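K.L.:
give me the fold of what follows.
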Amino acid sequence: MNEITENQYALIQPYLPVQRGNVRVSNLTVINAILFVAENGCKWRALPPRFGKWHTVYTRMRRWADAGVLDRLFDALQKHHMIRVSVDCLGLDSTSVKVHPDGTGAPKKTDRKPSVSRGVAGTPKST
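P.N.:
Residues are numbered from 1 along each chain as shown. Coordinates of the predicted model:
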C-alpha cells in the first residue's frame, strides 16, 4: 500500500479540522490508518502498531464521519488523484432471488413407498 506522504498531506490539510491540545496521533497517521483498513478489509483491532492505538484512530474516524470531514477528505483525495475509489454494492436476499426448495437445505424425499400389490411387496404383513 502506498501511504500519503507529507507533500500530499499538505494538499489535503485544509479539508481537515485543526489539531488542538496534546495529540498523540497526527491526522496524517489517522488518514493512512483509515486507508489501510479500507484497502485490506481488516478489523480496527488488527491495525499495525505503527498507526498507534486502534481505538484512538477509530474514535477520530467516527468523529470525522459524523461531522462530514470524511466525505470532504475522500473528495479531496480523489480530486488530487491520490486514491481511486470505486464503490460497488450488490445486495441479494430472499425477496429478490427465489431458490428452489431443494437448494434451501430442506430434506429430500427419497423414501419409496411400498407397492400396493402383494406379489411385488413380498410376504403379506397379516394373515
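K.L.:
contacts and neighbour counts: CA atoms only from here.
P.N.:
Fine.
K.L.:
distance of the closest residue in space to residue 52 that isn't next to it in sequence from residue 49?
P.N.:
Nearest residue to residue 52, sequence neighbours excluded (C-alpha to C-alpha, 6 or more residues apart in numbering): residue 25, at 6.7 Å. Using C-alpha to C-alpha, to the nearest Å, one obtains 12 Å as the distance from residue 25 to residue 49.
K.L.:
those two: who's more crowded?
P.N.:
With neighbours defined as other C-alpha atoms under 10 Å, residue 25 and residue 49 compare such that residue 25 has more, 15 against 8.
K.L.:
next one: phi and psi at the more buried one?
P.N.:
Dihedral pair for residue 25: phi -110, psi 120, per degrees, to the nearest 10.
K.L.:
phi, psi of residue 6?
P.N.:
The phi/psi pair for residue 6 (degrees, to the nearest 10) is phi -60, psi -40.
K.L.:
what's the closest non-adjacent residue to it?
P.N.:
Nearest non-adjacent residue to residue 6, counting by C-alpha to C-alpha, 6+ apart: residue 28, 7.8 Å away.
K.L.:
the one you found against residue 9, yeah?
P.N.:
Yes - under the criterion of C-alpha atoms under 8 Å, residue 28 makes contact with residue 9 at 6.7 Å.
K.L.:
which one's more surrounded, the two?
P.N.:
Legend: neighbour count by other C-alpha under 10 Å for residue 28 and residue 9, higher for residue 28 (20 against 15).
K.L.:
what's the distance between the more buried one and residue 50?
P.N.:
For residue 28, the distance to residue 50 equals 12 Å [C-alpha to C-alpha].
K.L.:
any residues in contact with both of the two?
P.N.:
Listed as contacting both residue 28 and residue 50 by C-alpha atoms under 8 Å, 6 or more residues apart in numbering is no residue at all.
K.L.:
quick one: low-confidence parts of this protein?
P.N.:
Along the chain, the parts satisfying pLDDT under 70 run over 1, 85-90, 92, 94-99, 101-127.
K.L.:
can you give me the helices in it?
P.N.:
With DSSP state H as the criterion, the chain has helices at 6-12, 27-40, 54-67, 69-79, 118-121.
K.L.:
and these as a markdown table, adding distance to residue 93?
P.N.:
Formatted as a markdown table, the helices of the chain follow (distance: least, C-alpha to C-alpha, whole Å):
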| stretch | distance to residue 93 |
| --- | --- |
| helix 6-12 | 40 |
| helix 27-40 | 25 |
| helix 54-67 | 28 |
| helix 69-79 | 29 |
| helix 118-121 | 46 |
